[in-house]
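S.K.: take a look and give me a structure for this.
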Amino acid sequence: MEAGKIIATARDEGRHFLFEDEAKALLAASGIPVTPCRRAGSEEEAVSLAAEMGYPVVLKVRSALIQHKSDLGGVVLNLADEQAVRRAFQDILQRAAAVDAAAAVTVQPMAPPGIEVITGLVADRQFGPVLMFGLGGVFTEVLRDVCFRLVPVTPAEAREMTTAIKGSRLLDGFRGGPPADRQALADLLLAVSNLAVAVPGIKEMDLNPVTVYSKGLLVLDARVLLA
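M.R.: Prediction:
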């Protein structure tokens with residue numbers, strides 16, 4: 001689905017944000033690698049999608065009233081079989097019911113471990129969209145190890161961003177681990193910058209985490225707010 005239709009659907013429903021499956025469809029349409037994310041309206045559909053994607057899978061709550069999914073126990077990881085999916089589906093909707101009786105569930109495959117980073121967009125009142133990049137996990141929450149550049153960025157600026165953070169050396173391999181694919185990272189940053197230019201209706205974007213491998217990367221979670 002093209003970007004305009006995805007955003008128009010949200011606006012028609014009175015939403016100023018995209019559901020994760022919509023956000024990932026927007027990213028995928030822009031050539032950004034994402035983990036597949038599909039809405040399951042029923043327990044049987046969740047089981048069918050899990051079998052189609054291959055185990056293990058992740059289930060998350062999908063609700064217009066629940067923005068912070070983990071706080072409500074709305075994310076269940078590493079589900080290894082059909083019974084686990086059924087239990088997680090029931091548990092998520094039971095917890096969500098007190099807040100949103102119309103909540104649904106999304107299904108997506110578990111991704112292999114790698115180096116976690118974050119990227120995204122924030123809107124500055126004076127300068128417009130600003131691109132952000134940093135290491136994920138504790139490096140973001142505690143050390144605030146991030147850098148910013150005005151949109152649009154050039155390919156050279158995108159590449160430079162991958163070396164601008166204090167923890168850049170961790171991307172070169174840590175304790176014998178393989179180095180991260182810096183070119184894939186630069187391509188991601190350039191694609192996010194281009195998306196901000198092409199779709200001016202985006203107010204804020206948070207791709208966290210993005211898992212980077214020795215070859216390629218995957219966006220595991222995505223949040224998009226609309227102006």
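
S.K.: how about Val117, what does it touch?
M.R.: By C-beta atoms under 8 Å, 6 or more residues apart in numbering, the residues touching Val117 are 133-136, 180, 185, 209-210, 212. Where C-beta positions appear, they are placed from N, C-alpha and C, glycine not excepted.

S.K.: so it: helix, strand or coil?
M.R.: Classification of Val117 by DSSP: H, G, I helix; E, B strand; the rest coil places it in strand.

S.K.: any idea how far it is from Thr106?
M.R.: Applying C-beta to C-beta, to the nearest Å, the value for Val117 to Thr106 is 22 Å.

S.K.: do Leu190 as well
M.R.: 28 Å.

S.K.: those two: who's more crowded?
M.R.: Between Leu190 and Thr106, counted using other C-beta atoms under 10 Å, Thr106 has the larger neighbour count: 23 against 20.

S.K.: now the helices: where do they sit in the protein?
M.R.: 3-12, 20-29, 43-53, 82-96, 138-141, 155-164, 182-198 (DSSP state H).

S.K.: so where is this structure shaky, pLDDT-wise?
M.R.: 1, 137-143 (pLDDT under 70).

S.K.: got the domain boundaries for it?
M.R.: Listed by automatic domain parsing, the domain ranges of the chain are 3-109, 115-226.

S.K.: ok, now how distant is the residue of the chain most remote from its centre from Glu43?
M.R.: Most distant from the centre of the chain: Gly176, at 27.5 Å, with distances by C-alpha atoms, centre = their mean. According to C-beta to C-beta, Gly176 and Glu43 sit 43 Å apart.

S.K.: then Gly173?
M.R.: 43 Å.

S.K.: now swap in Asp181 and tell me
M.R.: Separation of Asp181 from Glu43 (C-beta to C-beta): 38 Å.

S.K.: Val151 against Val130, yeah?
M.R.: Yes - look at Val151 against Val130 with C-beta atoms under 8 Å: they come within range, at 6.5 Å.
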